[in-house]
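Engineer: any chance you could fold what I've pasted below:
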Amino acid sequence: MSKDISSGKKSSDFAEAVKGLLGLNGFISAIAHFNPRSKNCVIGSYDSSFDAKSNKKISEYTDTIDRCNREIERLEARLETLDSQIESAKQRKGEKTEKIKQYAEGEELQEQKEKNSRSKSEMPKQLVLMFIRQSARISILQ
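Structural biologist: Below is the predicted model of the structure:
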């Protein structure tokens, strides 16, 4: 066999046997499968599937994604602004609530004053009516 190998008759068979024993057949097949220069390999088939139309679609999709990302950024900035305005409004609401509580006692006093002034304005009328009733009773008794 060594004479056949040295003469070149069986060298390819011997090389294939060594590749099989070392487990290189799968590795060599994988290299051939992913060879970018071959049209029958994975990378070559992907390259050939991308043409001018697919590039347009990719460009359109990229533009759409960019536009959506810009819109998201704009809306997030708007949300931050609104959140700060909400916090400011809550703070002002708290301040105004405190002021209202301070003036609540004054409101009660104002209502009492108005009630008393109504009573005062009705008092002369009531006195006149009482006087007339008393006068009528006295005249009936006599």
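Engineer: burial count for residue 19?
Structural biologist: Burial measure for residue 19: 14 neighbouring residues, criterion other Cβ atoms under 10 Å. Yep, even glycine has a C-beta here, placed from its N, CA and C like the rest.
Engineer: my guess is it contacts residue 28. True?
Structural biologist: Yes - using Cβ atoms under 8 Å, residue 19 is in contact with residue 28, at 6.9 Å.
Engineer: what helices or strands is the helix or strand harbouring residue 133 leaning on?
Structural biologist: Element membership for residue 133 (DSSP states H and E) is helix 52-141. Here helix 52-141 touches no other helix or strand, going by 3 or more Cβ pairs under 8 Å, 6 or more residues apart in numbering; DSSP states H and E.
Engineer: give me the below-cutoff pLDDT ranges for the protein.
Structural biologist: Within the chain, the stretches with pLDDT under 70 are 1-11, 33-54, 119-127, 137, 139-142.
Engineer: hmm, 90 instead?
Structural biologist: Residue ranges of the chain with pLDDT under 90: 1-62, 96-142.
Engineer: now do residue 76 against residue 70, distance only.
Structural biologist: 11 Å (Cβ to Cβ, to the nearest Å).
Engineer: cool, residue 98 as well?
Structural biologist: Distance, residue 98 to residue 70, using Cβ to Cβ: 43 Å.
Engineer: next one: residue 30
Structural biologist: 43 Å.
Engineer: residue 24: neighbouring residues, count only.
Structural biologist: Using other Cβ under 10 Å, residue 24 has 13 neighbouring residues.
Engineer: equivalent analysis for the one 4 residues further on, please.
Structural biologist: Burial measure for residue 28: 10 neighbouring residues, criterion other Cβ under 10 Å.
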